[in-house]
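> Need a 3D model of the sequence below.
(2 chains)
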Amino acid sequence: MSDIRTEASKNFIQAIIDQDVSQEWNQGRVHTRFPPEPNGFLHIGHAKAALLNYSLAVNNEGLFNLRFDDTNPLKEEEAFVESILSDLRWLGADWENRLFFASDYFEHMYDLACGLIAKGRAYVCDLDQEQIRAYRGTLTEPGQESPYRNRSVQENLDLFSRMRNGEFSDGQRTLRAKIDMSSPNLNMRDPVLYRILHAHHHRTKDKWCIYPMYDYAHPLGDALENITHSVCSLEYADHRPLYDWVLDHTDYDAVPGVVGRPKQIEFARLNMNYTVMSKRKLRRLVAEGHVEGWDDPRMPTLAGLRKRGYTPRAIRRFSEEIGVAKRDSVVDLAFLEHCIRQELNRTAPRFMAVLRPLKLVITNYDADVTEWVEVENNPEDPQAGTRNVPFARELYIEEADFMEDPPKKFFRLAPGREVRLKGAYIIKCEEVIKDEVTGDIRELRCSYDPDTRSGEKQSSRKVKATIHWVSTEHATKATVRLYDHLFQSENPERYEDFIEDVNPRSLETLTACVVEPALTEATDQDRFQFLRQGYFFRDRQDEGSGLMVFNRIVGLRDTWAKTQQSKEKR
RNA sequence: UGGGGCGUCGCCAAGUGGCAAGGCAUCAGCCUUUGGAGCUGACAGACGUAGGUUCGAAUCCUACCGCCCCAGCCA
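Here you go, the predicted model:
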């Protein structure tokens, strides 16, 4: 994964690490982790976090762990563990043999909690959920101490073990840290450490009926794994004092193998325009059928991006280049698109495909002849070589490449106008055949100039445009799916209900497309540039035994379309 | 209104007292058998605002303004 190491200007976390290493803090080790909760699919924002942690480790000769934060059996599922694992492997993050689960440490965490009780730093509280909320106070008023706050160590120990033994019902009691009910930081107002949940856990099954809260489990999980830098998102900054409190008062360092102490560092998580990034919202898009699933190519999920045709390399590049900082930001989707175009321009073999076919007959070309013209596979990469494309009297061209009454700047085909057919001849449009009833353009009659075949004497003659084409006789049918932004506005969150902003034209399925025959033989590849149109991903998953199916990853930059659009706006 | 975080070009983002990197986007030109790619050039007179310190400030100080997060037995 050589592309993960970069020389980019260093971010503030790397600056912290530099200092820590130089001061031999934690023996100068760097050990990071990515801690997903298995309650949904990973999205591009998670990719940023995972890759940040991974590259921090790689760039500093450190280690990187994957740890599932599975402390809430009510929301977590084995299926999500599987999807996260495969997404991360696909992305290229490598945790080697260090795959862990917070639930691996439940026993240690329980023991450590007993230690907290013994030291008088935690107590069993009988207040119910509403009461705890009422006692917590508000942002501006201090809370009140629980009447159970001063139970004896003995009683707390007894009660806590009975909680574990299942003697109480869900929600009946909690274990709380004894900190400060008047702290201006609400997280420090005697936070709940353990709750009773008679629930089946995907890993520990029915062994436990009490589960640790994130704020208690996370620092301990980090500590037990000898994590040095616990990188998380901004909203946890308020939790850092609690993170440190747990480490301060718990005897985690007595656990065999523990050699240091982690610290939490927060960064701003990724936001992007024209999409939503919260699991809750993504779940709704799936549940309400606005998309076809978590892996719908319009989704910002890794599964979606993968099905769309994005490469892990492009996503890595993206997360590296957007940088890391602490200010809320919204990255332009255009930058993600830039990253995949940049890669595919170098690597994707080119083919001709006509998405919306218009028949074209070359009237002065022999109907019995097929010429095989040579076309380069990738002008950016001479090594890619050339292929032969069959050229004949009847062709398909792109509907949009002809206009009967063209505007000024349109320089493709029009009545009486000349254009080059890529790799073949210059043709001239002589006649437009229309449907007698509807008036729709049915066919173009053209003449060709035999002296202008690519590579021949007259071939240097200039025409205003070169268009792509496919011989009707040799055409292979295909289905092509064109994707557009999932949302119409840059910030769907601004809507009272973001669903209102879903783009009704985010998917267009074209079933009458034709592609050149050589594409059928490109069985070892999945990503192509369809000349003049964009980059496409062969979606074998959806092909069954029928037609080839291609998903448009991203279109080519199209300055003509762009100027047309801005004209429309005016 | 308590606490925490943040404010540098349309969007990301360097810069940590010495004369505002880079990328994306945008615009212009060149080139081109992809209106792609490539190449060249333009693009913050100023770093939320106002004061102050200093020979010198985006960088230090003060005040103010704005945005984000926190009152789950979610993570």
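
> Got the phi and psi for the closest residue to A:Tyr425 other than its chain neighbours?
In this structure, A:Tyr425 finds its nearest non-sequential neighbour in A:Tyr448, 4.4 Å apart by CB to CB, 6 or more residues apart in numbering. Any C-beta I mention is one placed from the backbone N, CA and C, and that applies to glycine too. Phi and psi for A:Tyr448, reported as degrees, to the nearest 10, are phi -120, psi 160.

> Can you give me the domain boundaries for chain A?
A:279-349+A:478-569, A:353-475 (automatic domain parsing).

> is the last one anywhere near RNA strand B?
So that's domain A:353-475. Yes: using CB under 7 Å from any atom of the strand, we find that domain A:353-475 touches RNA strand B at A:378-380, A:409-412, A:420, A:422-423, A:452-455, A:459-460, A:462, A:465-467.

> Confirm for me that A:Asp69 is in contact with A:Arg33.
No: using CB atoms under 8 Å, A:Asp69 is not in contact with A:Arg33, being 9.9 Å away.

> Looking at these two, which is more packed in?
Neighbours were counted for A:Asp69 and for A:Arg33 using other CB atoms under 10 Å; A:Arg33 has more, 27 against 20.

> give the contact list for that one.
A:Asn53, A:Phe64, A:Asn65, A:Leu66, A:Arg67, A:Asp222, A:Glu225, A:Ile227, A:Ser230 (CB atoms under 8 Å, 6 or more residues apart in numbering).

> Show me what the last one is bridged to.
Residues in a beta bridge with A:Ser230, per DSSP bridges, are A:Gln264.

> tell me the contacts of it?
Taking CB under 8 Å, 6+ apart as the definition of contact, the neighbours of A:Ser230 are A:Thr32, A:Arg33, A:His218, A:Pro219, A:Asp222, A:Tyr243, A:Pro262, A:Lys263, A:Gln264, A:Ile265.

> So A:His239 sits against A:Asn187, correct?
Yes: with contacts counted by CB under 8 Å, A:His239 reaches A:Asn187, the gap being 5.3 Å.

> Overlap of the contact sets of the two?
Residues touching both A:His239 and A:Asn187 (CB under 8 Å, 6+ apart): A:Asp215.

> who has more neighbours, those two?
With neighbours defined as other CB under 10 Å, A:His239 and A:Asn187 compare such that A:His239 has more, 21 against 17.

> Name the SS class of that one, please.
Following DSSP: H, G, I helix; E, B strand; the rest coil, we place A:His239 in the helix state.

> how about the helices of the stretch 151-300 of chain A, start to end?
If DSSP state H, counting those that start in this stretch is used as the criterion, the helices of the stretch 151-300 of chain A fall at A:153-164, A:214-224, A:240-249, A:279-287.

> Please produce JSON lines containing those helices, extended by mean neighbour count.
Shown next, in JSON lines, are the helices of the stretch 151-300 of chain A (neighbours: other CB atoms under 10 Å):
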{"stretch": "helix A:153-164", "mean neighbour count": "17"}
{"stretch": "helix A:214-224", "mean neighbour count": "24"}
{"stretch": "helix A:240-249", "mean neighbour count": "19"}
{"stretch": "helix A:279-287", "mean neighbour count": "16"}
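
> Of these, which is nearest RNA strand B?
When the helices of the stretch 151-300 of chain A are ranked by proximity to RNA strand B, the top entry is helix A:214-224, at 3.5 Å, counting by CB to the nearest atom of the strand.

> How far does that closest one sit from its chain's centre?
If you compare the mean C-alpha spot of helix A:214-224 with that of the full chain, they lie 27 Å apart, counting by CA atoms, centre = their mean, to the nearest Å.

> does RNA strand B sit close to that helix?
Yes: applying CB under 7 Å from any atom of the strand, one finds that helix A:214-224 is in contact with RNA strand B at A:Tyr214, A:Asp215, A:Ala217, A:His218.

> Of all the residues in stretch A:286-303, which ones are buried?
The neighbour-count check on stretch A:286-303 (16 or more other CB atoms under 10 Å) flags A:286, A:290-291, A:294-303 as buried.

> got a markdown table for the residues you listed, with distance to A:Asn165 and pLDDT too?
Shown next, in a markdown table, are these (distance: CB to CB, whole Å; pLDDT from 0 to 100):
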| residue | distance to A:Asn165 | pLDDT |
| --- | --- | --- |
| A:Val286 | 39 | 97 |
| A:His290 | 46 | 98 |
| A:Val291 | 45 | 98 |
| A:Trp294 | 39 | 97 |
| A:Asp295 | 43 | 97 |
| A:Asp296 | 46 | 98 |
| A:Pro297 | 50 | 98 |
| A:Arg298 | 49 | 98 |
| A:Met299 | 44 | 98 |
| A:Pro300 | 44 | 98 |
| A:Thr301 | 41 | 98 |
| A:Leu302 | 41 | 98 |
| A:Ala303 | 41 | 98 |
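
> So which of these is the closest to RNA strand B?
Comparing those against RNA strand B with CB to the nearest atom of the strand places A:Pro300 closest, at 15.3 Å.

> list the contacts for that closest one?
Counting by CB under 8 Å, 6+ apart, A:Pro300 has contacts A:His43, A:Ile44, A:Gly45, A:Met272, A:Thr275, A:Val276, A:Met277, A:Leu282, A:Leu486.

> before we move on, what about A:Leu519?
Remark: with contacts taken as CB under 8 Å, 6+ apart, A:Leu519 is in contact with A:Phe351, A:Ala353, A:Thr476, A:Phe528, A:Met548.

> What pLDDT does the model give it?
Confidence per residue is given as pLDDT, and for A:Leu519 that number is 96.

> that's a strand at it, yeah?
No: the secondary structure assignment for A:Leu519 gives helix rather than a strand, going by three-state DSSP.

> wait, doesn't A:Phe267 sit right on A:Gln14?
No: under the criterion of CB under 8 Å, A:Phe267 lies out of contact with A:Gln14, with a separation of 11.3 Å.

> ok, those two, which is more surrounded?
Taking other CB under 10 Å, A:Phe267 and A:Gln14 do not tie; A:Phe267 has more neighbours (20 against 17).

> State the mean pLDDT of stretch A:550-561.
So the average pLDDT for stretch A:550-561 ends up being 94.

> coming back round to it: which two of the residues of helix A:214-224 next to RNA strand B lie the greatest distance from each other?
Maximum pairwise distance among those (CB to CB): 7.6 Å, between A:Asp215 and A:Ala217.

> Distance to A:Arg195 and pLDDT for the contacts of A:Pro300 - can I get that in a markdown table?
As requested, these are exported to a markdown table (distance: CB to CB, whole Å; pLDDT from 0 to 100):
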| residue | distance to A:Arg195 | pLDDT |
| --- | --- | --- |
| A:His43 | 28 | 98 |
| A:Ile44 | 32 | 98 |
| A:Gly45 | 28 | 98 |
| A:Met272 | 35 | 98 |
| A:Thr275 | 34 | 98 |
| A:Val276 | 30 | 97 |
| A:Met277 | 28 | 96 |
| A:Leu282 | 27 | 97 |
| A:Leu486 | 36 | 98 |
